[in-house]
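J.: Okay, structure incoming, though there's no sequence with it:
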């Protein structure tokens, strides 16, 4: 692995050689929004430009997702938005819309990504990828940083969860389709990993 890039609306393909294989890990869209918010919360007060002003000022999550900047940040951070920019080489995230059908997003994912794994099954995804490309062993990993909150979508209020699911409706459909596809394609490898390996995280 030569380069790591998060799912933001930037076309990275022009920076890479033609034979580069793009690997992506997708995450439950609602949980991804929460993780991004609390990652910024963790870095408040440090003068970092990427911490949004509302979050820097201490706005709570439930209020932030209702603001224009919060909604824009959420919608521009979707997987569908990311693959749409990959599909449009001249696009800039400030000008391109996010209107992309689920079918088009899945097609773009297939065209641009050699492998798509799941954050919820990260270790099994890495193990499967290592086997597919013929590595003699799967790489281990360790935690160097994480957000300051373990809050999960199961802990959200009904209204807050409904609002997020409405904003992320199409991306949730894309995620569910990619998740099902992952288990359809690599289910036996995941089962083997869970039964015989268990984790790639360094203790």
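T.: Nice, I can see it. Computed from a predicted model, the values in this text were never measured in an experiment.
J.: where in the chain is pLDDT low?
T.: Applying pLDDT under 70 to the chain flags residues 1-15, 88-100, 144-150.
J.: at 50 what do you get?
T.: 93-97 (pLDDT under 50).
J.: Now do the strands in it.
T.: Assigned by DSSP state E, the strands in the chain fall at 23-26, 115-118.
J.: got a markdown table for the ones you listed, with mean neighbour count and distance to residue 66 too?
T.: Every residue, glycine included, has its C-beta placed from N, CA and C. As requested, the strands of the chain are exported to a markdown table (neighbours: other Cβ atoms under 10 Å; distance: least, Cβ to Cβ, whole Å):
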| stretch | mean neighbour count | distance to residue 66 |
| --- | --- | --- |
| strand 23-26 | 18 | 26 |
| strand 115-118 | 20 | 29 |
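J.: what does stretch 63-72 contact?
T.: Contacts with stretch 63-72, where a contact means Cβ atoms under 8 Å, 6 or more residues apart in numbering, come from 33, 37, 52-55, 59, 74, 160, 163-164, 167.
J.: Now go through the residues you listed and say which are in helices.
T.: 33, 37, 53-55, 74, 160, 163-164, 167 (DSSP state H).
J.: out of those residues, who's nearest residue 117?
T.: Closest approach between the ones in helices among the contacts of stretch 63-72 and residue 117, by Cβ to Cβ: residue 33, at 19.8 Å.
J.: OK, contacts around the nearest residue to the closest one once chain neighbours are set aside?
T.: Nearest non-adjacent residue to residue 33, counting by Cβ to Cβ, 6 or more residues apart in numbering: residue 74, 5.4 Å away. By Cβ under 8 Å, 6+ apart, residue 74 lies in contact with 33, 65, 164, 167-168.
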